[in-house]
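Asker: coordinates only, sequence not included:
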């Protein structure tokens, strides 16, 4: 009886171990495919000028792109250089040949003068993608004399 219990415990331990290895192997394979650098962004526009805004205005622009690579495009993260920018993407995974959007919201509250802001997209591409927005913000509360 003790031998049967021992064999059963050993069997269970080995069967659980195989499942973990298979999950890790599958996860590793997916990560390798995602980082092959074969996915590629193709944006219709990489810069946008909002023109003249009054301080406090919120402007929104949608950057459109296509995955022109041979592999699934995986967007990992989007960073902005200012808390005044929010960037959201439509989908995290974009199949080859398919399109997606990145919506950028610029809040000009408390700003003045010429503004240049950048958006950095981290994905499984060869290089990090940079987008940029511009605006001239007029703020009547801040008056600078030269």
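Answerer: Thanks, I have the structure now. Fair warning: this is a prediction, and the values are worked out from it, not measured in the lab.

Asker: rest of the way, CA atoms for contacts and neighbours
Answerer: Will do.

Asker: And the residue lying closest to residue 113 once chain neighbours are set aside, how close does it get to residue 123?
Answerer: Nearest non-adjacent residue to residue 113, counting by Cα to Cα, 6 or more residues apart in numbering: residue 137, 5.0 Å away. Residue 137 is 31 Å from residue 123, where distance means Cα to Cα, to the nearest Å.

Asker: got it, and residue 94?
Answerer: From residue 94 to residue 123 the distance is 11 Å (Cα to Cα).

Asker: So for the two, which residues contact both of them?
Answerer: The contact sets of residue 94 and residue 123 overlap at 73-74 (Cα atoms under 8 Å, 6 or more residues apart in numbering).

Asker: Looking at those two, which one has more neighbours?
Answerer: The neighbour count for residue 94 versus residue 123, taken as other Cα atoms under 10 Å, is higher for residue 123 (23 against 20).

Asker: show me what contacts that one?
Answerer: 73-77.

Asker: redo that, cut-off 10 Å
Answerer: By Cα atoms under 10 Å, 6 or more residues apart in numbering, the residues touching residue 123 are 34-35, 37, 39-41, 73-78, 92-93, 129.

Asker: how many neighbours does the residue lying closest to residue 54 once chain neighbours are set aside have?
Answerer: Using Cα to Cα, 6+ apart and skipping residues adjacent in sequence, the residue nearest residue 54 is residue 138, 4.9 Å away. Residue 138 has 19 neighbouring residues, counting by other Cα under 10 Å.

Asker: Identify the residues contacting residue 138.
Answerer: 52-56, 108, 110-114.

Asker: beta partners of the residue nearest the centre of the chain?
Answerer: Nearest residue to the geometric centre of the chain (Cα atoms, centre = their mean): residue 77, 3.4 Å. For residue 77, the beta-bridge partners are residue 122 (DSSP bridges).

Asker: Now do it, the pLDDT please.
Answerer: Reading off the confidence values, residue 77 has pLDDT 92.

Asker: so it touches residue 91, yeah?
Answerer: No. If you go by Cα atoms under 10 Å, residue 77 and residue 91 don't touch, sitting 11.7 Å apart.
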